[in-house]
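J.: the sequence and its predicted three-dimensional model are supplied below.
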Amino acid sequence: VSMVCGYICPHLCHSGSRARFEEGAPRIVEDPSDLIVSKGEPATLNCKADGRPTPTIEWYKDGERVETDRDDPRSHRMLLPSGSLFFLRIVHGRRSKPDEGVYTCVARNYLGEAVSRNASLEVAILRDDFRQAPSDVVVAAGEPAVLECVPPRGHPEPSVFWKRNNMRGGKLMISPTKKSDAGMYVCVGTNMVGERDSDPAELVVYERPVLVRRPVNQVVMEEETVDFLCEVHGDPAPTVRWRRDEGELPRGRFEIRNGNNLRLFRVKEQDEGTYTCTSENSVGKTEASAMLQVHVPPQITAKPRDQIATQGRSITFQCGTTGNPPPAIFWQKEGSQMLLFPGQPPSQSGRYSVSMGGELTITDVHPEDSGFYVCQAISVAGSVLTKALLEVEGGPSGRIPPIIRQGPANQTVSRGAATQLHCRLVGGASVKISWEKDGERLEEKKPRLTLMENGTLQITDLKDSDSGMYTCIASSSTGESSWTGMLTVREDGASSGSRVSEFIQLPGPPQKPVVTEVTKNTVTLTWQSNPHEGGAAVTSYVLEAFSQSVGSTWQTVADHVKQERHTVVGLFPNTVYLFIVRAVNSYGLSDPSPISEPVRTQDGSPTEQGVDHRQVQRELGEVSIYLQKPVVLSPTSAKISWTLLLCLNFTLTALFDHQVWCLSKDVVLEVNRTVDGAVLSILLTGLLPDVRYSVVVAAVTSLGVGARSPPVSLLLTQPLELRKESDPSIAEQITSFIRQPAFIAGLGVASWLVMMGFSGWLYCRHRRRKQLGHYTTSFAYTPAGEPGLLGSNMGNYPWLADSWPTPNLTQNSKDLVNCCAGKLDSDRYYNSVGIISYPNQTEKRSTASNDSPIYSTINTTAEDDLLAYYDTYSSVSYNPGPDPYSSNPVLANGGLMGLEQDLDRWTIQSGQSGSEYAKLQYTKKSNGKYST
């Protein structure tokens, strides 16, 4: 300060003490503020100061004095009287920035100066190009949408706001978006300089696919049509695709309807699965699934076959089924309430069981097991049944050919001696034994030949001509067996060769053979030897086999077998065999072993690979079947047997069944039966008597039916005494008919109508009763099963009034009623309930009073009862008084005697017969008795 005083006004420094109370140094009252001004815009930097004397104000920019209009009238800067610095316009360029800087206001007077605080003047700028302009955005409704924007460079830093569709507002981030948020968005960068608009960006709001109608689970029957709906909305419009999770859609059996819905035609079980509808557009994807279940009604794939089994054997009925869902299988015997299910404990004394596969097995079959067995398969899709017949015959011996225990042995005998040729059988109660010599039947009446009861052939006084091959033939209804031995006759003293072996020297029979392995053409057997070897050691074994499918005799299938185990080859597939074993030593063959259990070879179906079907069909055509003469067992049943003949080179692989047809052209009736291929006979029942049938049999395999046998005629005649009775089969048919529900319902309705009509008729009769003069007795006649005028079934039949219609009868003093002369006219001789009406015979009867009973009954069952009835009531006088509808046996006085007299005078006119209603006729003897 002192320096300033000395420089400006030195003389004043000496008088400062007096001026200090009147004058003051400058003081800044208002400091300038920072300014940001746009280029070219006016601006003012305020600055106020006080002091006495009034200070002068100067401005400094960045430490340098600012030139104002006071210094240069052309200057755009003006110093206002208040001291403020006014800029007419802000000058600012890229290279020259004269107005931008830090300004200071300085106030001075002679007492001093005052300096304001610094104030900056900045020039605001806003460039045109956005550092990041918003871009188009596509979102799904509900998702957040982000529009990014970085404004242009500027000072001060520009702020951002948004315009949508030229309307201010909008959002930078929209969450969640709606369809209404779609539009054109502009990013606006602004500061004090102004605003800058970005290029417009489009916000596209799409909608994900939304299922309006979803597919639903469906359960349908096979061959039906199925529609799966899949209605979907979305933007853009979604595409719809269908797929099946388990595989492809059924080819050729589906179509897409209306762009979205799936339709399946003729659905199959294999079409089951999950069907998925996939809907997709650019912003999303959605799926919906539904299950399809296809129900298939149960079907029988393996039908059980009719079987004929011998008592004690085991049988199995197959019953293969298919269906979806898998059906439940159970068995039932017709007429039985017992149901057999798979897996349940065996029933019926443990003889009945059903496997999980549905096979019914019956062990140790009995005759009472015979009948139809029904296999039923049931599920929610339906049910089906099939049945097969089981016929159980007697023991196994009833179907096995005779077995020759020991036959004739080779022997050499001297001329003139005697010899015996043995033929011992196993059992043989119904077996016929015959002998052949060199293939010719021997006559039993020859003087030197004797056939003993045990079948042994004895020859005495042997001659050279007796030498030859002797064959013992044992035959029965089931087949035959034979055994051949050589007899040689030599001169006296020249006997040589083996003599007749003693039976004690023969080995004992082996034990029962046991089956260990089975194929379609072989069976392996094992057995144990007998401890008794006889007079020499056992050297080998002989095996014999029998099958009804192959023939009716035992055949040797193996000899010279050294081991106690052997595999029999060359057997037929699917064929039942029986086996026996004999031991051999140097003395001959042993008795046969017990018969093995029946064994069926495996099935060799012609459908196997490598089988020539045409060859099989040719072989099937070569199978010859010849029917034997039918055996009539009753008027309604007969046994049919046949013989199966095969060629020597026959190689048929599968003989399954025999089909039997019993046809008649007289009636519409056909009996069609199928039996197992091992069976060579069948019992036909339910036939009609006096009807001629034609019976035919054919072999059946999996490839079809072979040639039919020549037809055989069958006529079942009815015995005379049976013809008078009702035909049993017709009676059975009638019984079956009346058991039908429809017949029972109709009978009930008819009975009700008859009762109502009868009640009305009784009411009318009761109303007219007092108007009638009198009633005379008559009676209803129906034949009886026992002697007597009235049958026992007449006990409850009413006596009918004489006012009923009179049939066309004439009186004859010699003839009784003839009920069997011809056929009666039912309209003329029978009332509505089948009762014969008889004429009024009022002139021969005592009239009754008006109070006579209308109805009365006579209960007689025999001839003596009837005569006793006559004796009791013939002398009883009639006393009126019993109430109507009485059941007491009351007749008008003399009515019964008149009846007895009139019976001799009644007869039916010629040409009519009552044979349908009466079976017996009666004539009166002179002693008052009746006889047939």
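T.: Structure's in. What do you need?

J.: how about the helices of this protein, start to end?
T.: Counting by DSSP state H, the chain has these helices, from start to end: 2-8, 16-19, 613-621, 720-723, 728-738, 741-769, 826-829, 863-873, 895-903.

J.: number of nearby residues for residue 742?
T.: A count of neighbours around residue 742, defined by other C-beta atoms under 10 Å, yields 8. Quick note: C-beta positions are derived from backbone N, CA and C, even for glycine.

J.: pLDDT wise, what is it at?
T.: If you check residue 742, the pLDDT there is 75.

J.: stretch 754-773: how far from the chain's middle?
T.: The chain centre lies 61 Å from the centre of stretch 754-773; the measure is C-alpha atoms, centre = their mean, to the nearest Å.

J.: and it, what's its mean pLDDT?
T.: In this model, stretch 754-773 has an average pLDDT of 75.

J.: hey, C-alpha coordinates of it in CSV?
T.: Extracted C-alpha coordinates of stretch 754-773, given in CSV (Å, rounded to 0.1, in the frame of the first residue of the first chain):
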residue,chain,number,x,y,z
VAL,A,754,-105.0,-116.1,-20.5
MET,A,755,-105.6,-115.5,-16.8
MET,A,756,-107.2,-112.2,-17.5
GLY,A,757,-109.4,-113.7,-20.2
PHE,A,758,-110.3,-116.7,-18.1
SER,A,759,-111.2,-114.4,-15.1
GLY,A,760,-113.5,-112.4,-17.4
TRP,A,761,-115.0,-115.6,-18.7
LEU,A,762,-115.6,-116.9,-15.2
TYR,A,763,-117.2,-113.6,-14.2
CYS,A,764,-119.5,-113.8,-17.2
ARG,A,765,-120.3,-117.4,-16.4
HIS,A,766,-121.1,-116.5,-12.9
ARG,A,767,-123.5,-113.8,-14.1
ARG,A,768,-125.3,-116.2,-16.4
ARG,A,769,-125.3,-119.1,-14.0
LYS,A,770,-128.6,-118.3,-12.4
GLN,A,771,-130.2,-117.9,-15.8
LEU,A,772,-129.2,-121.5,-16.9
GLY,A,773,-131.7,-124.3,-16.4
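
J.: the most centrally placed residue in the chain and residue 569, how far apart?
T.: The residue lying closest to the centre of the chain (C-alpha atoms, centre = their mean) is residue 298, at 1.5 Å. For residue 298, the distance to residue 569 (C-beta to C-beta, to the nearest Å) stands at 42 Å.

J.: what do you get for residue 403?
T.: Taken as C-beta to C-beta, the span from residue 403 to residue 569 is 23 Å.

J.: who has more neighbours, the two?
T.: residue 403 (20 against 12).

J.: so who does the more buried one touch?
T.: Residues near residue 403 by C-beta atoms under 8 Å, 6 or more residues apart in numbering: 425, 426, 427, 481, 554, 580, 592.

J.: would you list the buried entries among those?
T.: For these, a burial check counting by 16 or more other C-beta atoms under 10 Å picks out 425, 426, 481, 554, 580, 592.

J.: ok, the last one to residue 570 distance?
T.: Taking C-beta to C-beta as the criterion, residue 592 is separated from residue 570 by 21 Å.

J.: returning to what we had before: filter the contacts of residue 403 down to just the ones in strands.
T.: Among the contacts of residue 403, DSSP state E puts 425, 481, 580 in strands.

J.: residue 265 touches residue 251, doesn't it?
T.: No - if you go by C-beta atoms under 8 Å, residue 265 and residue 251 don't touch, sitting 11.3 Å apart.

J.: residue 577 bridge partners, please.
T.: Beta-bridge partners recorded for residue 577 (DSSP bridges): residue 599.

J.: that one: how many residues sit nearby?
T.: 23.

J.: what's near enough to touch it?
T.: 523, 545, 546, 547, 571, 598, 599, 600, 601.

J.: can you tell me which residues contact the residue nearest to the first one when sequence neighbours are not counted?
T.: Taking C-beta to C-beta, 6 or more residues apart in numbering, and ignoring the residues beside it in sequence, residue 523 has residue 568 as its nearest neighbour in space, at 5.0 Å. Contacts for residue 568 were tallied using C-beta under 8 Å, 6+ apart; they are 522, 523, 524, 525, 543, 545, 557, 558, 579.

J.: and what of residue 738?
T.: With contact taken as C-beta under 8 Å, 6+ apart, residue 738 is in contact with 744, 747.

J.: do the same with residue 567
T.: So residue 567 contacts 517, 522, 523, 524, 525 (C-beta under 8 Å, 6+ apart).

J.: make it 10 Å
T.: 516, 517, 519, 522, 523, 524, 525, 558 (C-beta atoms under 10 Å, 6 or more residues apart in numbering).

J.: you'd agree the first one is up against residue 522?
T.: No - checked against C-beta atoms under 10 Å, the pair residue 516 and residue 522 is beyond contact range at 11.2 Å.

J.: who's more crowded, the two?
T.: Taking other C-beta under 10 Å, residue 516 and residue 522 do not tie; residue 522 has more neighbours (14 against 11).

J.: per-residue pLDDT, the more buried one?
T.: pLDDT, residue 522: 93.

J.: again with residue 725
T.: Looking at residue 725, its pLDDT is 44.

J.: same question, residue 73
T.: With respect to pLDDT, residue 73 has a value of 88.

J.: for it, give me phi and psi.
T.: Backbone torsions for residue 73, taken as degrees, to the nearest 10, come to phi -60, psi -20.

J.: can you give me the distance of the closest residue to residue 230 other than its chain neighbours to residue 259?
T.: Nearest non-adjacent residue to residue 230, counting by C-beta to C-beta, 6+ apart: residue 277, 3.6 Å away. Separation of residue 277 from residue 259 (C-beta to C-beta): 12 Å.

J.: joint contacts of those two?
T.: By C-beta under 10 Å, 6+ apart, the residues touching both residue 277 and residue 259 are 230, 231, 232, 240.

J.: contacting residues for the residue nearest to the last one when sequence neighbours are not counted?
T.: The shortest distance from residue 240 to any residue that is not its chain neighbour, by C-beta to C-beta, 6+ apart, is 4.7 Å, and that residue is residue 260. Neighbour list for residue 260: 212-213, 228-232, 238-240, 242, 277, 279 [criterion: C-beta under 10 Å, 6+ apart].

J.: so residue 322 sits against residue 298, correct?
T.: Yes - between residue 322 and residue 298 there is a contact under C-beta under 10 Å: 7.2 Å.

J.: common neighbours of the two, please.
T.: Each of residue 377 lies in contact with both residue 322 and residue 298 under the rule C-beta under 10 Å, 6+ apart.

J.: for the nearest residue to residue 423 once chain neighbours are set aside, what are its contacts?
T.: Nearest residue to residue 423 in three dimensions, chain neighbours excluded: residue 472, at 3.6 Å (C-beta to C-beta, 6+ apart). For residue 472, the contacting residues are 404, 406-408, 421-425, 433-436, 455-457, 481-485, by C-beta under 10 Å, 6+ apart.

J.: and residue 466, by the same measure?
T.: Listed by C-beta under 10 Å, 6+ apart, the contact set of residue 466 reads 413, 415, 419, 437, 448, 449, 459, 460, 487, 488, 489.

J.: the residue lying closest to residue 685 once chain neighbours are set aside - how many residues pack around it?
T.: In space, and not counting its chain neighbours, residue 685 is closest to residue 637: 4.5 Å by C-beta to C-beta, 6+ apart. Per other C-beta under 10 Å, the neighbour tally for residue 637 reads 14.
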